[in-house]
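Build me a model:
(one chain, ligands or ions: 1)
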Amino acid sequence: METNIDSPKYQGQRNQMVSKLESLGINDKNVLIALNNVPRHLFMDPGLISHSYKNNAYPIESGQTISQPYTVAFQTQLIKCKQGDKVLEIGTGSGYQTAILSYLGFDVFTIERDVTLFKKSSLIFKNLSIKIKMNLFADGHLGIKDSAPFDGIIVTAAAKEIPKNLMNQLRVGGRMVIPIGEEDQTMYRFTRIDKSKFKKEEFGQFKFVPMVKGK
Ligand code: SAH
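All right, here's what the predicted structure looks like:
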């Protein structure tokens, strides 16, 4: 990734953001390093750039949001993937979470249903030379059958129920991290034990924009 669009000022703000995330319980070293290196200000709405390193979600185009840094770190930590793993993200949005996954050396597949955000994030990935295996303009509920199975799936929009297709696209031993619910959502991690068995774990309450059917 090119970093010449960065500055010592932003690096300083990122150091502080990462200290804050550590104090909130993020302890995966690689995740902290990724958040310390990916310039979030390049994924923000231009009018909100001065807020880039605050631990908040902010509006982006199409009424969507760039996730809170804590949430990005928390979900990334929960999928427990390592370099070279195949990871599917649902909800590219600004592309910030995608860039974090790419920085960690994962083979990243990402899906966005909104054409404006899809085009914008595609351009950012190209301009910053962020390596993505595949970014698709499609309904994430379908996953990517031809590229499955995935070691990790990270859903960054609120699902009403467990998306069956996505569960089926996890490899045995793979993990899906997904917020499920209407007003507020519970963060779940599903680990595939075998063909039909999944372990389900709960990780507290979060707030996401809804996962919408179709594109
Ligand atoms: N990871 C993003 C989060 C963006 S918000 C970031 O940090 O910027 C969630 C995104 O999910 C939105 O861009 C929304 O358009 C997208 N989304 C909602 N439903 C979807 C679906 N069915 N398939 C793919 N993307 C979806």
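
what separates the helix or strand hosting residue 88 from the chain centre, distance-wise?
According to DSSP states H and E, residue 88 maps onto strand 86-90. Centroid separation between strand 86-90 and its chain, computed with Cα atoms, centre = their mean, to the nearest Å, is 8 Å.

May I have that strand exported as CSV, CA atoms only?
Only the C-alpha atoms of strand 86-90 are listed here, as CSV (Å, rounded to 0.1, in the frame of the first residue of the first chain):
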residue,chain,number,x,y,z
LYS,A,86,-9.2,-16.9,2.5
VAL,A,87,-11.5,-14.3,4.0
LEU,A,88,-14.9,-13.2,2.8
GLU,A,89,-16.2,-9.8,3.8
ILE,A,90,-19.9,-8.9,3.4
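
List the contacts of the following helix or strand past that strand.
Moving toward the C-terminus from strand 86-90, the first helix or strand encountered (DSSP H and E) is helix 96-103. Contacts to helix 96-103, defined as Cβ atoms under 8 Å, 6 or more residues apart in numbering, come from residues 1, 31, 34-35, 37-38, 40, 43, 66-67, 72, 75-76, 87, 89, 92, 108, 110, 121, 125, 128, 130-132, 135, 154, 156. Glycine gets a C-beta too; all of them are placed from N, C-alpha and C.

Would you mind getting the angle between the next helix-or-strand element following helix 96-103 and helix 96-103?
Where DSSP H and E defines the elements, the next helix or strand beyond helix 96-103 is strand 107-112. Between strand 107-112 and helix 96-103, the angle comes out at 170 degrees (axes from the mean of the first three to the mean of the last three Cα atoms, to 10 degrees).

for strand 107-112, packing partners?
strand 86-90, helix 96-103, helix 115-127, strand 134-137 (3 or more Cβ pairs under 8 Å, 6 or more residues apart in numbering; DSSP states H and E).

would JSON lines of the ones you listed with distance to residue 162, mean neighbour count and mean pLDDT be doable?
Listed next are the helices and strands packed on strand 107-112 as JSON lines, based on distance: least, Cβ to Cβ, whole Å; neighbours: other Cβ atoms under 10 Å; pLDDT from 0 to 100:
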{"stretch": "strand 86-90", "distance to residue 162": "13", "mean neighbour count": "26", "mean pLDDT": "98"}
{"stretch": "helix 96-103", "distance to residue 162": "20", "mean neighbour count": "26", "mean pLDDT": "98"}
{"stretch": "helix 115-127", "distance to residue 162": "24", "mean neighbour count": "16", "mean pLDDT": "97"}
{"stretch": "strand 134-137", "distance to residue 162": "21", "mean neighbour count": "17", "mean pLDDT": "98"}
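
between these, which one is nearest to the ligand?
In terms of Cβ to the nearest ligand atom, the element of the helices and strands packed on strand 107-112 nearest to the ligand is helix 96-103, at 3.6 Å.
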